[in-house]
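A.B. asks: A predicted structure for the sequence below; I have some questions about it.
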Amino acid sequence: MGYNSTKHNLAALLELINEFVQDNPLKIEELPDYLKQLPDREQQVLNFYYRDGLTLREIAEIFGVSWSRPFEIKSKAIRRIRKKITIAKNK
């Protein structure tokens, strides 16, 4: 497995999401509901990276894409979750 010194776990993902959602942060038990709302490819990338500890390069190999594409997908997924949180928590 391609685990490196970067934190690869759901707590690290939650921390990254909450970095910009400080007024009403997401709780760990709420995270699965938000992950389920993502498109399949975004869910897969986040799961491979944060749950399974794969590197972005390894994920790229799985999908047969350039090594930078999983980074773009991961970033987009995190932005999407942040937006959904902001909308949901401001209702």
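C.D. replies: That came through, no problem.
A.B. asks: Let me see the ranges of the helices in this structure.
C.D. replies: Secondary structure of the chain by DSSP state H: the helices cover 10-18, 31-36, 40-46, 56-63, 69-89.
A.B. asks: same for the third one, what does it pack against?
C.D. replies: With contacts defined as 3 or more C-beta pairs under 8 Å, 6 or more residues apart in numbering; DSSP states H and E, the secondary structure elements packing on helix 40-46 are helix 31-36, helix 69-89. The C-beta positions use only the backbone N, C-alpha and C, and glycine is treated the same way.
A.B. asks: buried sites along that helix?
C.D. replies: Within helix 40-46, the residues scored as buried using 16 or more other C-beta atoms under 10 Å are 42, 44-46.
A.B. asks: Show me which of the residues you listed is closest to Lys76.
C.D. replies: Glu42 (6.6 Å; C-beta to C-beta).
A.B. asks: any idea how far Ile17 is from the closest one?
C.D. replies: With distances taken as C-beta to C-beta, to the nearest Å, Glu42 is found 13 Å from Ile17.
A.B. asks: With Arg79 instead?
C.D. replies: Taking C-beta to C-beta, one finds Arg79 at 10 Å from Ile17.
A.B. asks: Looking at the two, which one has more neighbours?
C.D. replies: The residue with more neighbours, out of Arg79 and Ile17, is Ile17; 19 against 12, by other C-beta atoms under 10 Å.
A.B. asks: got a pLDDT number for the more buried one?
C.D. replies: The model reports Ile17 with a pLDDT of 91.
A.B. asks: now swap in Lys91 and tell me
C.D. replies: 68.
A.B. asks: In CSV, list the C-alpha atoms belonging to stretch 42-52.
C.D. replies: Extracted in CSV, the C-alpha atoms of stretch 42-52 (Å, rounded to 0.1, in the frame of the first residue of the first chain):
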residue,chain,number,x,y,z
GLU,A,42,-15.3,11.6,-6.3
GLN,A,43,-16.4,9.1,-3.6
GLN,A,44,-13.9,6.6,-4.9
VAL,A,45,-11.0,9.0,-4.9
LEU,A,46,-11.8,10.2,-1.4
ASN,A,47,-12.2,6.6,-0.2
PHE,A,48,-9.0,5.4,-1.8
TYR,A,49,-7.0,8.3,-0.5
TYR,A,50,-8.5,8.9,3.0
ARG,A,51,-9.7,5.4,3.9
ASP,A,52,-7.3,3.1,2.1
